[in-house]
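>>> My questions are about this predicted structure, shown below with the sequence.
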Amino acid sequence: MPANDPKQTTYGFIAALSAFLVWGLLPIYWKSLITVDPFEILCHRVVWSLVFISVILTVMKGWGDTFAPLKSPRDLMILAASSLMIGGNWLLYIWAVNTGHVLETSLGYYINPLVNVLLGFVFFRERLRPLQLVAIGLAALGVINSVVSHGELPWISLALAVSFGLYGLLRKIASVESLPGLFLETMVLGPFALGYILWLQAHGASALFHQGLNVDLLLVGAGVVTASPLIGFAFGARRLQLATVGVLQYLAPSIAFLLGVYVYKEPFSPSHLLTFAFIWSGLAVYTAESVFTIRKVRRLAGKTPA
């Protein structure tokens, strides 16, 4: 596929945009299951993701080396750790949304790119450029403002940002592609999730088949809304410039922010606005610096003799 094929670029943009739209609208989905315990929702999300991804891999003839990482003790340990990390992240996110903390989830995913920069510095000794330090400093001021204004750390935001950052770090060092990787992670969590669902059914405490067809379909559909945006993102990321993907990633937390403020009417005081303003300023600096750096590298690469 030509790197500059306009048609492929358009398809990639639509796929990536759709993925971030789905991620941004997920609070609406989880709110529709507010009568179900968050841990039970998580278990259904794991089980039905495993089923849906299995179907997709079969249709796409993508099984290939899916199970190859299981032969490596190193990759197996990494996938076990990433399974726990993404499971914890999903559980916290669902709980936060359904207990009135959509704005905090939004803040967490705004912070995440800056957390990734810090993790790169800590674990991979990636050099922090001056403007990246400025961006991280602005985000830190936002967190400090939240602590001073509300008397506590925005722990939900920080936990989501750090857990997803660590998950990304683990996946970066694992020798596995995105969709097969998610299959293996849900396969690791699947027996425990299915066991809990069956235990609930045996004790008559399960939401499945007991809260109406709408809830049943939403629980099963949790697998679709988990895997489908990942497929779209993977398709789009291969066809778009990094700078484009970098800007699109802010769409999901922006949608969540608007939902929290205007749809779910969560408290949003001037101090909340100041916290977000610091974070947004940091992201503006970070994004501008990233775009500048990418263009600079490309210019230098273009001048390098073949």
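The structure has been received and is ready for your questions.
>>> buried ones in stretch 185-200?
185-190, 193, 196-197, 200 (16 or more other C-beta atoms under 10 Å). C-beta here means a position set from N, CA and C on the backbone, and glycine is covered the same way.
>>> Next secondary structure after the host helix or strand of Leu218?
Leu218 is part of helix 213-237 when elements are defined by DSSP states H and E. Next along the chain after helix 213-237, taking DSSP H and E as the criterion, comes helix 242-248.
>>> what's the following helix or strand after that next one?
Following helix 242-248 toward the C-terminus (DSSP H and E): helix 251-258.
>>> Show me which residues of that next one are buried.
Quick answer for helix 251-258 (16+ other C-beta under 10 Å): 251-257.
>>> quick check, nearest of these to Ser82?
Ala252 (20.3 Å; C-beta to C-beta).
>>> In this structure that closest one contacts Leu17, no?
No - judged on C-beta atoms under 8 Å, Ala252 makes no contact with Leu17 at a distance of 10.7 Å.
>>> Out of the buried residues of helix 251-258, which is nearest to Gly100?
Gly100 lies nearest to Ala256 out of those, by C-beta to C-beta, at 13.0 Å.
>>> What pLDDT is listed against the closest one?
With respect to pLDDT, Ala256 scores 97.
>>> which residues are contacting the helix or strand of the chain with the lowest mean pLDDT?
Here the helix or strand of the chain ranked lowest by mean pLDDT, DSSP states H and E is helix 242-248, holding a mean of 82. Outside helix 242-248, the residues that touch it by C-beta atoms under 8 Å, 6 or more residues apart in numbering are 13, 16-17, 20, 113, 236-237, 240, 287, 290-291, 294-295.
>>> rerun at 7 Å
Residues from elsewhere that reach helix 242-248 (C-beta atoms under 7 Å, 6 or more residues apart in numbering): 16-17, 20, 237, 287, 290-291, 294.
>>> what do you get for stretch 55-70?
The contact list for stretch 55-70, computed with C-beta under 7 Å, 6+ apart, reads 75-76, 79, 174-176, 179-180, 183-184, 227, 231.
>>> can we see that at 10 Å?
53-54, 71, 75-76, 78-79, 174-177, 179-181, 183-184, 187-188, 223-224, 227-228, 230-231 (C-beta atoms under 10 Å, 6 or more residues apart in numbering).
>>> Good, wrapping up.
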